[in-house]
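>>> I'll drop the sequence and a predicted model, then ask my questions.
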Amino acid sequence: MDTELDDAHTDHTNSRARPVAAGCAESEDDWRRYLQHDTPGGHLLAHNAMTGMLTSGRPIHLMHTTTALDAIRSSGQLLASSGCLLAALYCAPLTETSDGLCPHNLGAYLLRTKPHTRTLMIEITPASPTPARGIDYLRLGRVHLRTYLDHRSFLTETEDTQLRGKAVHQIRTAAPFLDTLLAGATGHMTAPDAFVDRLAATVRTLPFLGYVYFEVLSEYLMLHSTSTETKTYARAGEMNNLLYKRLAFSAVSGMDKLFDLSRFHPGHQRLYDLIADIEPPLAPGAAQYTRDRLSHLFTALALDPGQDATTFTFHEQDFDSLAQAAPSLLGQTLFREMRILHRYPQLYLAFEQAKALRAWNYWNHHQIATPFNGFLPKGEIGVNPAYPAAGYTVWLAETCERGLIHPVDELDVAFVPRMADLGMTAMRRDATGKAAGHPAAT
C-alpha cells in the first residue's frame with residue numbers, strides 16, 4: 001500500500017478520519033461533522049452530482065478546453081498535466097439532458113471566460129463504479145518530499161544546496177507565526193484580525209500558506225453561502241465555483257493570466273472588503289473562520305501525527321529534523337522552491353513524471369479512472385490516462401446558444417501515460433520567466 005498517496009486522498013462519503021498531532025483541541029472528525037452538518041452547503045460534500053455520477057457505474061461525460069487542438073489531432077494523443085489533479089487531464093463534469101450535455105457551473109465558467117479555446121467532450125465507460133475518492137493537493141507534501149529525495153541526483157550540488165537551504169530558511173523565518181498556528185490548534189487563539197494580518201505577512205515568506213489560506217476561504221464561501229445563485233447550483237448538486245473565482249481575481253491582479261496562490265495574501269481589512277463584495281453577510285465571520293480553520297488544518301497538514309503540537313516549535317529546525325517532524329510542510333516548501341530553479345523547465349519532467357507514474361499506479365490499483373480535486377468536490381475532475389479498465393471516446397464539441405455541449409466530430413486520439421511539456425500546462429512560466437508558485441512581490 002502507498003500510505004503517502006492514501007493519506008492524500010479524501011472520500012467525503014466515508015467516515016475515515018486521519019490522525020492529527022497530539023494536543024490538538026479538535027479532531028478531523030470534529031471538523032468533518034461541522035462542515036457536513038452545520039453549514040448550509042455541507043450536504044454537498046458527501047452528496048453531489050459529480051460523485052453521484054462517478055459512483056453510478058454509468059458512462060461519465062466530461063469537458064476539456066484546449067488551445068492545442070491541432071497538436072492533439074496531429075499526434076493522436078491526449079496527455080496529462082500537473083497541478084491540483086497531480087497527473088490527470090483537467091476537465092469539468094457534464095450532465096446528460098434531453099437537449100444536450102449541460103456543463104457543471106465550473107465548465108460553464110470556463111466556456112464563458114476562455115473563448116479562444118476549443119472544447120472536447122470525453123465519454124468514459126468504466127468497467128465498474130468509480131470510488132468517490134479525490135486527491136487533496138494540500139496533502140501531497142510527503143509525496144513531493146519523497147520524489148525530491150529519490151531524484152536528487154538530477155540536481156547539481158549547487159542546486160541541491162540552494163534548494164534545501166531556501167526551504168529550511170523559509171520555514172525558520174516563518175517559525176513565529178507557524179508556532180502561533182500550532183498554539184491556535186491546541187486552543188490558545190490569537191485575536192482574529194491580528195491573526196489574519198500576521199498570516200498575510202507570512203505568506204510572503206512561506207508561499208505554501210497562500211494556498212492553504214485560499215482553500216480555507218473557498219471552503220468558507222462555498223459551504224456558508226446562502227445566495228440565490230448558490231442555492232440554484234445546490235439544487236443541481238453543485239458547489240458554486242463563482243465564489244472563489246471572484247475572490248481570487250479580486251484579491252490578486254493578473255490572477256486570470258497566472259493562477260498563482262503564492263500571491264494571495266489579503267490582510268484582515270482587505271479580506272473583509274473582498275468577502276463583503278461577494279456576499280455581505282459572510283464578511284463579519286471571515287477572519288474568525290480563517291483563524292480557527294487554518295490553525296487546525298495547517299497543524300493537521302504540517303506535523304507528523306507522532307508529534308505533540310503543544311511542545312513542538314519550528315524555531316531552529318534543520319532539514320533532517322523537519323523531514324521527521326514536519327515532512328509534509330517540508331515537501332510542499334521544496335516543491336514550490338524547485339519551481340523557481342533556473343533549470344526547472346529541464347527538470348520538470350524528471351520530477352513530475354516520477355510523481356505521475358506513482359499516481360497512475362495508485363489510481364489503477366484503486367480503480368480510479370477519474371480523480372478529482374478532493375479538498376472540496378467542486379467539479380475539478382480529471383482523466384487518469386493510464387487506466388486500463390475503461391473505454392474512452394473523444395469528440396470535438398460545440399456550444400449552442402443555450403450553453404449546452406454537443407459533440408460534432410469524433411477524434412482519433414488516445415490517452416497516453418505521459419506528462420505534457422511544461423509550456424503546454426498551467427504550470428507554465430510567466431512573462432518574467434518565473435513559474436507559478438514564486439514568492440510574490442509586495
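Yes, it's here.
>>> May I see the buried residues of stretch 88-96?
Ala88, Leu89, Tyr90, Cys91, Ala92, Pro93, Leu94, Thr95 (16 or more other Cβ atoms under 10 Å). The C-beta positions use only the backbone N, C-alpha and C, and glycine is treated the same way.
>>> Save the residues you listed as CSV, and put in pLDDT too.
Output for the buried residues of stretch 88-96, formatted as CSV (pLDDT from 0 to 100):
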residue, pLDDT
Ala88, 96
Leu89, 96
Tyr90, 96
Cys91, 97
Ala92, 98
Pro93, 98
Leu94, 98
Thr95, 97
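>>> Among those, which one lies nearest to Asn361?
Nearest to Asn361, judged by Cβ to Cβ, of these is Ala88 at 13.6 Å.
>>> Quick check: nearest residue in space to that closest one, chain neighbours excluded?
Spatially, and ignoring its direct neighbours in sequence, Ala88 is nearest to Gly382 (2.6 Å; Cβ to Cβ, 6 or more residues apart in numbering).
>>> wait, that neighbour sits on Gly83?
No: Gly382 is beyond contact range of Gly83, at 9.0 Å (criterion: Cβ atoms under 8 Å).
>>> more crowded one of these two?
Gly382 (28 against 19; other Cβ atoms under 10 Å).
>>> mind checking how far the more buried one is from Ala248?
20 Å (Cβ to Cβ, to the nearest Å).
>>> Phe415 versus Arg142, what's the distance?
Taking Cβ to Cβ, one finds Arg142 at 27 Å from Phe415.
>>> cool, and Leu274?
Taken as Cβ to Cβ, the span from Leu274 to Phe415 is 39 Å.
>>> And these two? Which one has more around it.
A direct count of neighbours by other Cβ under 10 Å for Leu274 and Phe415 places Phe415 higher, at 21 against 18.
>>> Is that one in a helix, a strand, or coil?
strand (DSSP: H, G, I helix; E, B strand; the rest coil).
>>> partner residues bridging it?
With DSSP bridges applied, Phe415 shows beta-bridge pairing to Leu78.
>>> residue contacts, it?
Contact analysis of Phe415 by Cβ atoms under 8 Å, 6 or more residues apart in numbering lists Gln77, Leu78, Leu89, Val383, Pro385, Ala386, Tyr392.
>>> burial measure for the nearest residue to Ala287 once chain neighbours are set aside, as a count.
Excluding the flanking residues, the one nearest Ala287 by Cβ to Cβ, 6+ apart is Pro192, at 3.8 Å. Residues near Pro192, counting by other Cβ under 10 Å, number 18.
>>> follow-up on the earlier one: CSV please, covering the buried residues of stretch 88-96 and showing distance to Leu221 and secondary structure.
Converted to CSV, the buried residues of stretch 88-96 look like this (distance: Cβ to Cβ, whole Å; DSSP: H, G, I helix; E, B strand; the rest coil):
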residue, distance to Leu221, secondary structure
Ala88, 25, strand
Leu89, 27, strand
Tyr90, 22, strand
Cys91, 23, strand
Ala92, 19, strand
Pro93, 20, strand
Leu94, 24, strand
Thr95, 23, strand
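>>> ok, so of those residues, who is nearest Met1?
Distance to Met1, by Cβ to Cβ, is smallest for Ala88 among the buried residues of stretch 88-96, at 21.0 Å.
>>> Okay, the closest one and Thr173: tell me how far apart.
From Ala88 to Thr173 the distance is 34 Å (Cβ to Cβ).
>>> What of Phe259?
25 Å.
>>> Ok, Thr310 next?
In terms of Cβ to Cβ, Thr310 sits 23 Å off from Thr173.
>>> what's the answer for Phe195, then?
For Phe195, the distance to Thr173 - Cβ to Cβ - is 18 Å.
>>> what's the pLDDT at the residue nearest the centre of the chain?
For the chain, the residue nearest the mean C-alpha position is Cys84 (3.8 Å; Cα atoms, centre = their mean). Here the pLDDT value assigned to Cys84 is 90.
>>> swap in Lys231?
98.
>>> host element of it?
Lys231 is part of helix 228-235 when elements are defined by DSSP states H and E.
>>> What's the first helix or strand after that helix?
By DSSP H and E, the next helix or strand past helix 228-235 is helix 242-251.
>>> follow-up on the earlier one: list the buried residues for the helix holding Lys231?
Thr230, Tyr233, Ala234.
>>> Could you export that helix as CSV, CA atoms only?
Output in CSV follows, covering the C-alpha atoms of helix 228-235 (Å, rounded to 0.1, in the frame of the first residue of the first chain):
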residue,chain,number,x,y,z
THR,A,228,-29.8,32.8,-4.7
GLU,A,229,-27.1,31.8,-7.1
THR,A,230,-25.6,29.3,-4.7
LYS,A,231,-29.0,27.8,-3.9
THR,A,232,-29.7,27.4,-7.7
TYR,A,233,-26.4,25.5,-8.1
ALA,A,234,-27.0,23.4,-5.0
ARG,A,235,-30.4,22.2,-6.4
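>>> Report how many residues lie close to Arg172.
Neighbours of Arg172 (other Cβ under 10 Å): 17.
>>> Please report the distance of it from Arg263.
22 Å.
>>> repeat for Ile171
Distance, Ile171 to Arg263, using Cβ to Cβ: 20 Å.
>>> coming back round to it: wait, what's in contact with the residue nearest to the centre of the chain?
Per Cβ under 8 Å, 6+ apart, neighbours of Cys84: Tyr137, Asn373, Glu380.
>>> now do 6 Å
Tyr137, Asn373 (Cβ atoms under 6 Å, 6 or more residues apart in numbering).
>>> Against Leu349, how distant is Phe154?
Applying Cβ to Cβ to Phe154 and Leu349 gives a distance of 10 Å.
>>> Check what pLDDT Thr425 gets.
62.
>>> try Ala183
At Ala183, pLDDT is 98.
>>> which residues of this protein score low on pLDDT?
423-442 (pLDDT under 70).
>>> if we go to 80?
15, 422-442 (pLDDT under 80).
>>> mind giving me the domain ranges of it?
3-9+137-344, 49-136+345-424 (automatic domain parsing).
>>> I'd like to know which of these lies nearest to Gln36.
Nearest of those (Cβ to Cβ): domain 3-9+137-344, 8.9 Å.
>>> Can you show me the helices along the stretch 101-250 of the chain?
Along the stretch 101-250 of the chain, counting by DSSP state H, counting those that start in this stretch, helices occupy 105-113, 141-150, 157-185, 192-203, 208-224, 228-235, 242-251.
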